[in-house]
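A.B. asks: Provided below for reference: sequence and predicted model.
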Amino acid sequence: MTFELTKSVIDDIIFSMEDQNADFAFDAKNACVVPLESLTIAEIDELEENENLYPLPTWTSDDGFEIMEKFAESLRIDGVRAELEQVLANGRGVFRNYKNVLKKYPHIEKRFHAFKEAKMRSVVIEWYNSLRDSWGLEKLSQDFEDYDDLVQQDFEFRPYNHEKDGDCVRKEAEKIADELKENFKGETGLAVSHFWLARFDSCREDGSPVPEGIISRTLSGDFAACLLFTRLSFAKSVVALTAVFANQNYRGLGIARELFSRGVSYLKERGIQSFIIADSAIPDFLEPLIARCGFEKKGSVYVAETADN
């Protein structure tokens with residue numbers, strides 16, 4: 001007997017998959033998950049041949065451990081990733097200790113639950129597609145949300161105001177400079193941090209253009225990230241990236257992608273034709289992101305055409 005895979009059905013199946021203390025089957029006739037202990041011995045013996053009952057996808061603690069490993073690997077916040085990887089390496093009380101680490105970082109914890117749900121939903125749809133194949137039906141596509149809604153729910157985005165936001169952004173930029181000094185030891189670190197801060201110092205000089213952009217804050221008002229660009233005095237329809245960075249606690253959550261998306265829309269609304277990134281120090285992980293936002297790499301420069309020329 002066929003059945004429709006609704007969101008509520010997926011949620012029930014996932015909830016039951018995680019219950020390692022009982023076995024379950026899906027009752028297609030009543031569109032619900034039922035514990036095997038509620039079935040008669042005859043029904044259990046005929047489970048695979050019963051047209052109304054289907055065994056749920058297999059899910060073990062090893063599968064849960066693998067998800068925790070993959071999530072930790074995906075994090076770009078070095079400190080949090082190191083804590084999670086240490087828990088995974090210890091091997092004792094791993095599930096409990098992993099949760100304890102996540103509780104210290106609410107935004108990361110929320111991200112983990114979304115990551116885990118997406119992975120488990122993928123398993124459920126793969127299972128459902130195997131059933132559809134046996135029914136002679138076309139398979140469903142696995143089209144999952146990309147967590148943008150989490151970013152929009154947990155962070156505020158608004159146009160950057162240099163008078164109101166300038167000092168805050170400068171202080172956050174100085175934190176990045178300190179990180180650079182740690183990453184590049186000695187005089188190299190001093191030089192790299194100097195060039196980083198120079199892009200913020202230049203806008204303080206008389207007559208220099210004031211940067212524009214998008215700033216993101218948490219719902220409690222703390223700085224999360226910003227994307228800044230500057231209009232060019234010799235090319236009125238072009239802006240150049242000044243900086244894009246996030247507070248260490250909010251990296252790897254997809255905020256940069258949201259900033260670029262909103263930044264491009266902001267420029268389009270103001271008739272700017274081109275957004276250029278003339279920076280050879282773009283991190284590798286940002287390249288796919290800015291490519292998805294419409295930037296084309298030409299030599300060492302990235303250009304996004306934001307309006308018809």
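C.D. replies: Looks like it arrived, so ask away.
A.B. asks: Am I right that Ser216 falls within a strand?
C.D. replies: Yes: counting by DSSP: H, G, I helix; E, B strand; the rest coil, Ser216 falls inside a strand.
A.B. asks: Any idea how many residues pack against it?
C.D. replies: By the criterion of other CB atoms under 10 Å, Ser216 has 24 neighbours. C-beta here means a position set from N, CA and C on the backbone, and glycine is covered the same way.
A.B. asks: likewise Phe195?
C.D. replies: 12.
A.B. asks: now Leu197
C.D. replies: 17.
A.B. asks: For it, pull up the helix or strand it's in.
C.D. replies: helix 186-201 (DSSP states H and E).
A.B. asks: Then Ile176?
C.D. replies: Going by DSSP H and E, Ile176 is part of helix 162-183.
A.B. asks: Which strands and helices lie in contact with that helix?
C.D. replies: helix 186-201, strand 223-232, strand 235-246 (3 or more CB pairs under 8 Å, 6 or more residues apart in numbering; DSSP states H and E).
A.B. asks: May I see these organised as CSV, with mean pLDDT and distance to Asn30 added?
C.D. replies: Shown next, in CSV, are those (pLDDT from 0 to 100; distance: least, CB to CB, whole Å):
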stretch, mean pLDDT, distance to Asn30
helix 186-201, 88, 62
strand 223-232, 93, 46
strand 235-246, 91, 48
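A.B. asks: Same list (these) but as JSON lines, adding distance to Gly166.
C.D. replies: As requested, the helices and strands packed on helix 162-183 are exported to JSON lines (distance: least, CB to CB, whole Å):
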{"stretch": "helix 186-201", "distance to Gly166": "9"}
{"stretch": "strand 223-232", "distance to Gly166": "10"}
{"stretch": "strand 235-246", "distance to Gly166": "12"}
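A.B. asks: Mind listing residues that contact the helix holding Ile176?
C.D. replies: With CB atoms under 8 Å, 6 or more residues apart in numbering as the contact definition, helix 162-183 has outside contacts at 160, 189-190, 192-193, 196-197, 200, 203, 210-211, 215, 223, 226, 228, 243, 245, 247-248.
A.B. asks: Need the buried ones from those residues selected in ChimeraX.
C.D. replies: Those of those that count as buried under 16 or more other CB atoms under 10 Å are selected in ChimeraX with:
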select :160,189,192,193,196,197,200,203,211,215,223,226,228,243,245,247
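A.B. asks: Let me see the mean pLDDT of the lengthiest helix in the chain.
C.D. replies: Identified as the longest helix of the chain according to DSSP state H is helix 106-134. What helix 106-134 shows for mean pLDDT is 90.
A.B. asks: Can you check the pLDDT for Tyr160?
C.D. replies: 96.
A.B. asks: Please list all residues in contact with it.
C.D. replies: 169, 211-215, 226, 228 are the contacts of Tyr160 under CB under 8 Å, 6+ apart.
A.B. asks: Sort out which one of these lies nearest Thr2 for me.
C.D. replies: Ile214 (47.3 Å; CB to CB).
A.B. asks: Leu75 contacts Arg81, correct?
C.D. replies: Yes: counting by CB atoms under 8 Å, Arg81 is a contact partner of Leu75 at 4.2 Å.
A.B. asks: who has more neighbours, the two?
C.D. replies: Leu75 (21 against 17).
A.B. asks: per-residue confidence at that one?
C.D. replies: Confidence at Leu75, expressed as pLDDT, is 82.
A.B. asks: how about it, phi and psi?
C.D. replies: Dihedral angles of Leu75 (phi, psi; degrees, to the nearest 10) stand at phi -70, psi 140.
A.B. asks: Show the residue spans covered by the strands in the stretch 1-150 of the chain.
C.D. replies: 24-27, 32-35, 53-55 (DSSP state E, counting those that start in this stretch).
A.B. asks: In a markdown table: these, plus mean neighbour count, distance to Lys268 and mean pLDDT.
C.D. replies: Output for these, formatted as a markdown table (neighbours: other CB atoms under 10 Å; distance: least, CB to CB, whole Å; pLDDT from 0 to 100):
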| stretch | mean neighbour count | distance to Lys268 | mean pLDDT |
| --- | --- | --- | --- |
| strand 24-27 | 20 | 47 | 89 |
| strand 32-35 | 14 | 48 | 89 |
| strand 53-55 | 18 | 49 | 86 |
